[in-house]
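A.B. asks: Take this sequence and fold it.
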Amino acid sequence: MAECPVCAADIQLPEDTVKGELIECPDCGTELEVTSVNPFTLAEAPSEEEDWGE
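C.D. replies: You can find the predicted model right below:
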């Protein structure tokens with residue numbers, strides 16, 4: 001079990017969850033990144049910006 005860093009909801013993660021996996025909080029819908037698996041910790045996923053080749 002982990003806690004959403006945005007809304008503090010408890011999130012149940014499967015046993016096979018891996019570090020770096022992206023999930024969505026079922027309560028607030030924020031995209032989260034698994035930053036650790038022992039214990040499970042989550043952080044807001046980095047937002048990707050368009051690369052226009054500049």
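A.B. asks: make it CA atoms for all contacts and neighbour counts henceforth
C.D. replies: OK.
A.B. asks: Return the set of buried residues in the longest strand along the chain.
C.D. replies: Ranked by number of residues, the top strand in the chain under DSSP state E is strand 31-37. Buried residues in strand 31-37, defined by neighbour count with 16 or more other Cα atoms under 10 Å: Glu31, Leu32, Glu33, Val34, Thr35, Val37.
A.B. asks: Then stretch 3-22?
C.D. replies: Glu3, Cys4, Val6, Ile11, Leu22.
A.B. asks: Return the subset of these lying in strands.
C.D. replies: Glu3, Ile11, Leu22.
A.B. asks: For Asp51, see how far away the nearest residue to Glu3 once chain neighbours are set aside is.
C.D. replies: Ranked by Cα to Cα, 6 or more residues apart in numbering and with sequence neighbours excluded, the top spatial neighbour of Glu3 is Asp10, at 4.6 Å. Distance of Asp10 to Asp51, given as Cα to Cα, to the nearest Å: 35 Å.
A.B. asks: Repeat that for Leu22.
C.D. replies: Using Cα to Cα, we find Leu22 at a distance of 21 Å from Asp51.
A.B. asks: and the closest residue to Ile23 other than its chain neighbours, what does it touch?
C.D. replies: Spatial nearest neighbour of Ile23, excluding adjacent residues (Cα to Cα, 6+ apart): Leu32 at 5.2 Å. By Cα atoms under 8 Å, 6 or more residues apart in numbering, the residues touching Leu32 are Cys4, Leu22, Ile23, Glu24, Cys25, Leu42, Ala43, Glu44, Ala45.
A.B. asks: swap the cut-off to 7 Å and go again
C.D. replies: Taking Cα atoms under 7 Å, 6 or more residues apart in numbering, we find Leu32 in contact with Leu22, Ile23, Glu24, Cys25, Leu42, Ala43, Glu44, Ala45.
A.B. asks: Can you name the residues bridging to it?
C.D. replies: Residues in a beta bridge with Leu32, per DSSP bridges, are Ile23, Glu44.
A.B. asks: What separation is there between Pro10 and Val37?
C.D. replies: No, residue 10 isn't Pro; it's Asp. The value you get for Asp10 to Val37, if Cα to Cα is used, is 15 Å.
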